[in-house]
Structure formats: C-alpha cells, structure tokens
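Chemist: Please find the sequence and the predicted model below.
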Amino acid sequence: MIKKYLLLASLAMMPVTFIFAQDAPAKPWKTTGFAGLKFTQSSFTNWASGGENALALDAQFTYQADYKNEAHLWQNRIEFAYGFNQTKDDPLKKTTDKIYLNSNYGFNIHKTLYLSAFLTYQSQFSNGYNYSGDNRTFVSRFMAPAYVSAGLGITWTPAKIFTLVFTPVTWKGTFVLDESLSDQGAFGVKPGCKSLNEGGANLKAELNYDIMKNVNLYSRLNLFTDYCRGKEVKNIDVAWDVQINFTINKWLSASVSTNLIYDNDIKLPYDIKNEAGEVVGEGKCPKVQFKEVLALGLQYNF
C-alpha cells in the first residue's frame, strides 16, 4: 500500500519538476580563457650548413568573464603576454610584453542596446630596448608608457560573437612615469611632463568566433580621435589585435597573432636623405607599427 502512495506522489510531482526544470534561469556568468607556453630551441654542433644556437619562449594568459542577467551586462577581459629570444651569445631580447585589462558595464535600454561605461588599462612588464648592432637604446618600461581610458556611451550586442562599444565621451590618459623618457617627450607627452590627457570619441569592435571545430578567431579593433586637436581631429589612433588559436588537444595548440598600431602622438625616427640619396639627418613622424607572432606549444583552455 505504501509503495502505491509513493508511486502516485512521484507521478504527481513529475509535472511540477518538469515546469521548474524548464524555467530554471540560465547561469548569469560565462567565463572562458587559456594559459599557454610556447618554446623553441635550436642547437648546432659541427653543423656544416651553418646556424646559430637560439632560444625563444612566449607565455600568454587570457581570461574573459561576462555577466548577463535581466537588464545588466558586465564584460571583463584580462590579457597578459611575455616573450623573449636569445641568439648565440647575445643577451635576451624581449619579443612580446603586454598587460591589458578591460571592464565594460551596460544597462539595457532596447533589445541589444545598452547604456554603458568602460575602463581600460594597458602597459607592459619590463624594460624595452631598440637594438642596433651591439648597442641598445632604452625606450620603454612598466608605466612608461601606460594607457588608461574611460568613457560613456552605447554598447551593441547583435550576436553572441560580436560586441560594438561606441563612447562619444571618452578620456584617454597616456602616462610616462620615467624621467629620462618624459624629458625626451616620448609617447606624445610634452618634454618634462609625465602625462598626456585627451578627450574624444572611441569605437571598439570585438569579434570572438569559432571558425570551425578547434579553430577560434578573436579580433579587437579600437579607434580613438581627440576632439581638442583642431585640424588634427581627423587623425585617428588605431589599435587592432587579431589572434587565431588552433587547438590540437587539451594541452597542445598553435596560434597566430598580429598587432597593428597607429598613434599620431608616437613619432618614430627616419633618415633624411639628399638628392644623391645620402643620409644628411634624422627626422621623426608617426608610422604604422605592425607585429606578427607564430607559436606552437602547450596551452590549457578553461
């Protein structure tokens, strides 16, 4: 008799259980990321074809944490990268050095549109040098430069793989907290000053798309223009990062990453030549900066 009552009670509870299972809210937090270590080593002993001993190491850490619940959207991203190489008896030379922190909060106003505010910080871990023969020139370090941006505007999320953030009210600060570099007026600051403040508009487009199984494309394009530049307001600062990850298995992967930068405040040297093609001096002007890294090694996705 008791078994019959238990069976009837179970049957009665099934619809209720089904309803609650259907209405269970989705998890508000979505997190993803990876940590990778790419290593290359070459060694030669009595090698007739020639070559030089070489060592290269590249470490990466990326973490994305997004919160979406009712009218609230909060997107956070961390990117750390550091790499170096060494050829023969030369000292270690840095190849990659990045600190990137971003947080964007939005309040839904219409379907896929959010009133939003963002904060971004970018810098590097260690000293950077330009190399010419056996000589090296100190050009950067932690907080020299560092870029801090904050803005108010609109976030548009038409699909899970794409986000567009437009902030017509944006502050961008460039910090050079090294006396020798600030005295040179490096990275756009006035000689002797430690910072450059700009106010303008910013547009950021992010794409995170699985091209096919085990192949992921991440692209971030950032455009900024300063309202206070007069005729130079048409000069747009560009920062475009692209990374393609090829996952071989849980621990092995390959990646291709590119970085393109154009900043009107960063003046790079160039040779001034006369009509005969002889170098007669040196000038400085903004140039397109580009970097590409191809790596294969250990990577753990989480």
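Modeler: Right, received. Where do you want to start?

Chemist: what comes up buried for stretch 65-80?
Modeler: Residues of stretch 65-80 classed as buried by neighbour count (16 or more other C-beta atoms under 10 Å): 66, 68, 73-75, 77, 79-80. The way it works is simple: take the backbone N, C-alpha and C, and place the C-beta from them, glycine included.

Chemist: Quick check: the gap between residue 153 and residue 135.
Modeler: Distance from residue 153 to residue 135, counting by C-beta to C-beta, to the nearest Å: 46 Å.

Chemist: the more surrounded of these two?
Modeler: Neighbour totals were compared for residue 153 and residue 135, and residue 153 leads with 20 against 8 (other C-beta atoms under 10 Å).

Chemist: My read is that that one contacts residue 169, right?
Modeler: Yes - in this structure residue 153 lies within contact range of residue 169 using C-beta atoms under 8 Å: 6.7 Å.

Chemist: quick one: low-confidence parts of this structure?
Modeler: Within the chain, the stretches with pLDDT under 70 are 1-26, 45-50, 229-234, 270, 272-274, 276-283.

Chemist: how about 90 then?
Modeler: Within the chain, the segments meeting pLDDT under 90 span 1-27, 38-56, 85-92, 95, 130-136, 227-235, 248-252, 264-287, 292-296, 301-302.

Chemist: would you list every one of the helices in it?
Modeler: Using DSSP state H, the helices found in the chain span residues 2-23, 179-184.

Chemist: buried ones in the last one?
Modeler: Applying a neighbour-count criterion of 16+ other C-beta under 10 Å, the buried positions in helix 179-184 are 181-182.

Chemist: Residues touching that helix, excluding its own?
Modeler: Applying C-beta atoms under 8 Å, 6 or more residues apart in numbering, the contact partners of helix 179-184 are 138-141, 144, 176, 187, 189, 191-194.

Chemist: Pretty sure residue 64 sits against residue 74.
Modeler: No - counting by C-beta under 8 Å, residue 64 does not reach residue 74; the two are 11.7 Å apart.

Chemist: okay, now the closest residue to residue 168 other than its chain neighbours: neighbour count?
Modeler: Setting aside the residues directly before and after it, residue 168 is nearest to residue 201 in space (C-beta to C-beta, 6 or more residues apart in numbering), at 4.8 Å. The number of residues packed near residue 201 is 18, by other C-beta under 10 Å.

Chemist: got it, and residue 241?
Modeler: Neighbour count for residue 241, taken as other C-beta under 10 Å: 19.

Chemist: pretty sure it contacts residue 217?
Modeler: No - the pair residue 241 / residue 217 is not scored as a contact, 11.6 Å apart, by C-beta under 8 Å.

Chemist: so how far is residue 171 from residue 63?
Modeler: Distance, residue 63 to residue 171, using C-beta to C-beta: 26 Å.

Chemist: Name the nearest residue to residue 263, sequence neighbours excluded.
Modeler: Among residues not flanking residue 263 along the chain, residue 237 sits closest, at 4.8 Å (C-beta to C-beta, 6+ apart).

Chemist: Test my guess that that neighbour contacts residue 286.
Modeler: No - with contacts counted by C-beta under 8 Å, residue 237 stays clear of residue 286, the gap being 9.5 Å.

Chemist: Identify the contacts common to the two.
Modeler: Overlap of the contact sets of residue 237 and residue 286 (by C-beta under 8 Å, 6+ apart) consists of 262-265.
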